[in-house]
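Chemist: sequence first, then the predicted structure, then my questions.
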2 protein chains.
Amino acid sequence: MCLNTGYQCKCLLEGDPCEPCRMTVKHKEAEEGQAGTTFEPEIALSSAVVAHKERSRNWGWMLSGILCVNVLILGCALVSGSAHDEINISTAHLQIYLIVLLILTTAWMIYYAVYTARQEGAIVYKDSHAGPVWLRGGLVLFGILSFIMNIFKIASYVGYLHCDSAVKVAFPVVQIVFITVQTYFLWIHAKDCVQVQKNISRCGIMLTLSTNLVMWMALVTEESLHQTTFPEYSPNETNHHGRRAYISKAGYGDDKCKCSHTSCSIFKEAYYYLYPFNIEYSLFASAMAYVMWKNVGRVADEHSHHHFKFRLREAVLGPVAGVLLVVAGIATFIVYEMEMKIDSYDNDDDLKNSHALMMHFVMNIVIVTLMSLVTALGCGIFKLDHREHVSEKNPTRSLDVGLLVGASLGQFIISYFSIVAMVATGAEGHLNRLNLAWSIIMVIQLGLQNFFIIEGLHREPHHEIHPVEIVANPYLKEKEMSSVGSEVDKKMPATIVLHDHHLQHKHKLSWKRRVVKEVCAFLLLGNIILWIMPAFGARPQFDHETEINFYKFNLWAAVVNIGLPFGIFYRMHSVASLFEVFLLS
Amino acid sequence: MCLNTGYQCKCLLEGDPCEPCRMTVKHKEAEEGQAGTTFEPEIALSSAVVAHKERSRNWGWMLSGILCVNVLILGCALVSGSAHDEINISTAHLQIYLIVLLILTTAWMIYYAVYTARQEGAIVYKDSHAGPVWLRGGLVLFGILSFIMNIFKIASYVGYLHCDSAVKVAFPVVQIVFITVQTYFLWIHAKDCVQVQKNISRCGIMLTLSTNLVMWMALVTEESLHQTTFPEYSPNETNHHGRRAYISKAGYGDDKCKCSHTSCSIFKEAYYYLYPFNIEYSLFASAMAYVMWKNVGRVADEHSHHHFKFRLREAVLGPVAGVLLVVAGIATFIVYEMEMKIDSYDNDDDLKNSHALMMHFVMNIVIVTLMSLVTALGCGIFKLDHREHVSEKNPTRSLDVGLLVGASLGQFIISYFSIVAMVATGAEGHLNRLNLAWSIIMVIQLGLQNFFIIEGLHREPHHEIHPVEIVANPYLKEKEMSSVGSEVDKKMPATIVLHDHHLQHKHKLSWKRRVVKEVCAFLLLGNIILWIMPAFGARPQFDHETEINFYKFNLWAAVVNIGLPFGIFYRMHSVASLFEVFLLS
């Protein structure tokens, strides 16, 4: 008899092969198998050895954790130092640190790949939840775009070689090697539950994670500086990309060093448009490395992963409405960006400027309002639709939820700062009122969407329809529960009384599922447009002056430049999660 | 037969009452009990009802989480707004927000206390790990000191009533009521595993948690501003507390509003010395509220908590050396503070200033070096001493470890920023070299201490000595393992062969335990002195100019003022954790 107590399924009767018992047996086998390969004494199963494993696991964990903290915080200090012009840490210093990290990580990944290929039984278990195909596909796609970006970087920086540090050319070269090796490594090994050399593997994976996070920090900082117009620098505006007048130190803004070939500026313009993809690449790789780290030494259940097919005709209304929203959003976004670019040439055209801004605000309010309404509908359906929650342990899902909530804080912070500024200044004028409305609806939308996605991810997939039970016969229940736990489609009504009810239930579910799928598809596309706008340079936070005047430039720039990268990542991550909810429901 | 698989103990044989099975039975009882009180239909045990509970649990969790995020981030925006003079959010605005929060939380706590007192069976289970006596004792102690601080505040602010907002007097009055109610509430209810009105309770507890965290943010910000000398303000230095020349907006620094009674400045001076205790009070309350939140709806195991006695004679050398360290530390700290205060009267005395700073650095290096060596010794003993890890679920311990690692990041960040600045400027001069050495040893000490505390907290208490096993007889092992799992002191050697070995093992353990206890006692006192110095105003980060010149004032002040509160909390929290390790080992 298996009882699901919320913690773990328990076996009370001998010989009933429900999930945890099989895992117990496997665990024993793993200990024996490993003892065989590492020449432990014959009493491998005794609890002393188990205790030893347990302890050495803890040491490896903590060591890798301390390693990660140190790499990250040193990186953080260097990144924030290199971001400020007046601080004597140049981009070259940061890049030397990154080059060292990238080389070490690449070396470890090659070592790991070679070692596991030679050693038999190195990878006994694979976590079926880790590295789903959309994540690995995304990694490859973003990897290719990052590769191209680095080639553009090399082409551009070669022109400065005669008067600037060679590190700026070396860095993209090393990064190309790193991206190639890492993409291969994660494609092949993302699902591994490493069983040999656990401590070395933990530290190696943690190094990979830390390197990607430091890379992410460096990229985000460079991108934020690039997108921020520092008011102090406006007199020196010489480049034709007016509004983004501030050139970060990486951008060769000073006139002392001139490019030796003519296509420099084209390459530079091109590679800045590829930055968002490299940022996402680092985050994808970090997420996969984290799941690998959690899976080291784990004895995962190899039960076959349900293969969901993505059928577009399951949802029609949602995708159509979503595509319309995306098209409208991109159209207004392009108009807005053009307007802002032109405005920066002749600064006196304030009316046109505010017109474009108003259009942008209205478009965003429409998008966010529609999304909120649709999400509320989805939450209502969840409330109606009774379905069990998955209680199985799953590091990938826990990470998803944690990242989702954590990343949403970035957008929350920006919105609340806007709300406070607008309320404090009395929200005078159309633009301020629109901005206030946008921020308030954004907060509502974020809350609802987090709710919807978390609830959606935790529900059982639709295969396992749970019939409403009427007869309280313990033997019957026992049978029925074990069938829910282990087998999926072999569902038969236990009594004739239940039969009708069951069918009716199934019918009711089908329109609910349909609505949930429509909701997911619409939200997915809505998140894509909300990702595109800030990722490709929309910064209404700096084009609209109220917050800058209220908080003064430095504080507001800090809030936006720290919050927005998380907000952008949140949209990206929501798209992935909503896709999963779409498949599950 | 019970097998400990790392996840949860599993029962493979019928009728063997090991831990999880009892929990399963209890879980069923709880469901039935609850069904009785809330008039659910008779089929309470059916899985449909379990699913319903599960789902409503998730809704309550998420709702309370969203509530918490919103309260916190709105608080964050108001706090950072009120911290800057040039932003149009005054302390009064923030205090109005806080007053609303405090009143709501107080009302909920009173409601909860009355409701649970009237309702029978509201609290069926108590988590024996939650709210240990040192935490509740600390809460009461800090509560009393915060109470006194608020009385001083009222006495001081009453003098300004004729020319300033009445909110500044109302706020400490409300806070006094809040502190009284909350201390009573947490003293009585900290161990509760709430079973009725779960969703309301979750939201209420989350509101308590958020309120305490917003209070903490507000207090930390005010304290940081008070301790920071803003260079721009130095010409206006008029108060006699020279080095702390900047008076935050709460401090009535402007000359327009004069106090109507003469003892204002005495009260003001006095209450600033009580600030660190109010900060710790908020954190203690937050930690206890978080554990209560995790425990809502939990069916905890009520196995008797081991009562450890604190016997001082178990360790002698460690406490003696520690007390000497504390005395020496306090002596140099007082000299350093006096020197800095005098220096701020006549600013030309640079030699004396640097002399005092050098003394402070040397003292800190000595303390941190000794602590690192002792911690390394402790880690070595752990490596030698084979003991099982506790695998039981325990939200209090997970929170402890999470907070420890999280809080240590604050000190890590300050140290790494120092290291980078020193290395980049070449570490010229005695002071810079000492500062560099201090930062490097600090990083090492933090890593080692985190390691030591986490390892110490996860080990089984010393009652359960695990004999080294030689005979691989499955029946013997089974018996022995179940006795480890359930009973504690009823230990008998299973075979005569094992007897001698067992005794020898026990003897060896005793000196190891002794050393671990000495190490804990020494580290505990070391952390106390490292807490006292920054908590009562030592800011070598601002007295020493290299970092300010390197990072410029704004960035460095941001790093120190965000990092140091966490660093101070880390020391405080380490003391508590080391005390627990002392008792466990």
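Modeler: Cool, got the structure. Numbers count the residues shown, from 1 in each chain, chains lettered A, B, ... in the order given.
Chemist: quick check: A:I441 touching A:T369?
Modeler: Yes. Counting by Cβ atoms under 8 Å, A:I441 does reach A:T369; the two are 5.5 Å apart. All C-beta spots, glycine's among them, are computed from the backbone N, C-alpha and C.
Chemist: nearest residue to A:S80 in space, please, no chain neighbours.
Modeler: The shortest distance from A:S80 to any residue other than its chain neighbours is 6.9 Å, reached at B:L555 (Cβ to Cβ, 6 or more residues apart in numbering or on different chains).
Chemist: elements contacting whichever strand or helix holds the one you found?
Modeler: In this assignment (DSSP states H and E), B:L555 forms part of helix B:545-584. For helix B:545-584, the elements it packs on are helix B:133-158, helix B:198-227, helix B:264-295, helix B:395-425, helix B:430-458, helix B:496-535, helix B:540-543, judged by 3 or more Cβ pairs under 8 Å, 6 or more residues apart in numbering or on different chains; DSSP states H and E.
Chemist: closest residue of the stretch 151-300 of chain A to chain B?
Modeler: Nearest residue of the stretch 151-300 of chain A to chain B, counting by Cβ to the nearest Cβ: A:V299, 8.3 Å away.
Chemist: from memory that residue sits against A:C193, does it?
Modeler: Yes. Between A:V299 and A:C193 there is a contact at 7.1 Å, judged by Cβ under 8 Å.
Chemist: so what sits against both of those two?
Modeler: Here A:V299 and A:C193 have A:Y125 as joint contacts, going by Cβ atoms under 8 Å, 6 or more residues apart in numbering or on different chains.
Chemist: quick one: mean pLDDT for the helix holding B:L555?
Modeler: Over the span of helix B:545-584, the pLDDT mean works out to 86.
Chemist: check stretch A:169-187 too.
Modeler: Stretch A:169-187 shows a mean pLDDT of 94.
Chemist: contacts for that stretch?
Modeler: A:95, A:98-99, A:102-103, A:105-106, A:109-110, A:112-113, A:131, A:136, A:139-140, A:143, A:146-147, A:150-151, A:153-154, A:157-158, A:161, A:208, A:281, A:285, A:288-289.
Chemist: next: stretch A:360-376.
Modeler: Applying Cβ under 8 Å, 6+ apart, the contact partners of stretch A:360-376 are A:318, A:321, A:325, A:328-329, A:332-333, A:336, A:431, A:434-435, A:437-438, A:441-442, A:444-445, A:448-449, A:451-452, A:519, A:522-523, A:526, A:529-530, A:533, A:538, A:540.
Chemist: now that stretch, how far from the chain's geometric center?
Modeler: Averaging C-alpha positions (Cα atoms, centre = their mean, to the nearest Å) puts stretch A:360-376 22 Å from its chain's average.
Chemist: quick one: mean pLDDT for that stretch?
Modeler: 94.
Chemist: and it, what's buried?
Modeler: A:360-361, A:363-365, A:367-372, A:374-376 (16 or more other Cβ atoms under 10 Å in any protein chain shown).
Chemist: please apply the same query to stretch A:514-526.
Modeler: Neighbour-count burial for stretch A:514-526 flags A:514-526 (criterion: 16+ other Cβ under 10 Å).
Chemist: out of those, flag the one nearest to chain B.
Modeler: A:V516 (15.1 Å).
Chemist: ok, now how distant is that closest one from A:I110?
Modeler: 44 Å (Cβ to Cβ, to the nearest Å).
Chemist: worst-scoring helix or strand of chain A, pLDDT-wise?
Modeler: strand A:9-11 (a mean of 35; mean pLDDT, DSSP states H and E).
Chemist: the closest residue to A:Y570 other than its chain neighbours: how many residues sit nearby?
Modeler: The shortest distance from A:Y570 to any non-neighbouring residue, by Cβ to Cβ, 6+ apart, is to A:A407 (3.8 Å). A count of nearby residues for A:A407, using other Cβ atoms under 10 Å in any protein chain shown, gives 22.
Chemist: do you know the pLDDT at A:A407?
Modeler: The per-residue pLDDT reported for A:A407 equals 88.
Chemist: re the thing from before, now do the contacts for the residue nearest to A:S80.
Modeler: Each residue near B:L555 by Cβ under 8 Å, 6+ apart is listed here: A:S80, A:H84, A:I87.
Chemist: in three-state terms, how would the last one be classified?
Modeler: Secondary structure assignment for A:I87 (DSSP: H, G, I helix; E, B strand; the rest coil): coil.
Chemist: just the element for the residue lying closest to it once chain neighbours are set aside, please.
Modeler: Nearest residue to A:I87, sequence neighbours excluded (Cβ to Cβ, 6+ apart): A:G81, at 4.8 Å. Using DSSP H and E, A:G81 sits within helix A:47-83.
Chemist: any idea of the mean pLDDT for whatever helix or strand comes next after that helix?
Modeler: Once the chain leaves helix A:47-83, the next helix or strand it forms, by DSSP H and E, is helix A:91-118. Per-residue pLDDT values across helix A:91-118 average out to 92.
Chemist: with stretch A:439-454 instead?
Modeler: pLDDT averaged over stretch A:439-454 gives 93.
Chemist: alpha carbons of it, as PDB, please.
Modeler: Presented in PDB, the C-alpha positions along stretch A:439-454 are these (Å, rounded to 0.1, in the frame of the first residue of the first chain):
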ATOM      1  CA  SER A 439       3.200  50.600 -13.100                       C
ATOM      2  CA  ILE A 440       0.200  49.600 -11.100                       C
ATOM      3  CA  ILE A 441      -1.200  47.200 -13.700                       C
ATOM      4  CA  MET A 442       2.400  45.800 -14.100                       C
ATOM      5  CA  VAL A 443       2.500  44.900 -10.400                       C
ATOM      6  CA  ILE A 444      -0.900  43.200 -10.700                       C
ATOM      7  CA  GLN A 445       0.200  41.400 -13.800                       C
ATOM      8  CA  LEU A 446       3.400  40.100 -12.200                       C
ATOM      9  CA  GLY A 447       1.600  38.800  -9.200                       C
ATOM     10  CA  LEU A 448      -1.100  37.100 -11.300                       C
ATOM     11  CA  GLN A 449       1.400  35.600 -13.700                       C
ATOM     12  CA  ASN A 450       3.700  34.300 -11.000                       C
ATOM     13  CA  PHE A 451       0.700  32.700  -9.400                       C
ATOM     14  CA  PHE A 452      -0.500  31.200 -12.700                       C
ATOM     15  CA  ILE A 453       2.900  29.700 -13.700                       C
ATOM     16  CA  ILE A 454       3.700  28.300 -10.300                       C
END
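Chemist: sorry, back to before: from the buried residues of stretch A:360-376, which is closest to B:E314?
Modeler: A:T375 (58.8 Å; Cβ to Cβ).
Chemist: not counting residues beside it along the chain, what's closest to the closest one?
Modeler: Nearest-residue entry for A:T375: A:L448, 4.2 Å, with adjacent residues in sequence omitted and distances by Cβ to Cβ, 6+ apart.
Chemist: what about the one you found, how many neighbours?
Modeler: 21.
Chemist: check contacts around it.
Modeler: So A:L448 contacts A:S372, A:T375, A:A376, A:C379 (Cβ under 8 Å, 6+ apart).
Chemist: same check, this time on A:I148
Modeler: A:L274.
Chemist: which two of the contacts of A:L448 have the greatest separation?
Modeler: Largest separation among these by Cβ to Cβ: A:S372 and A:C379, giving 10.5 Å.
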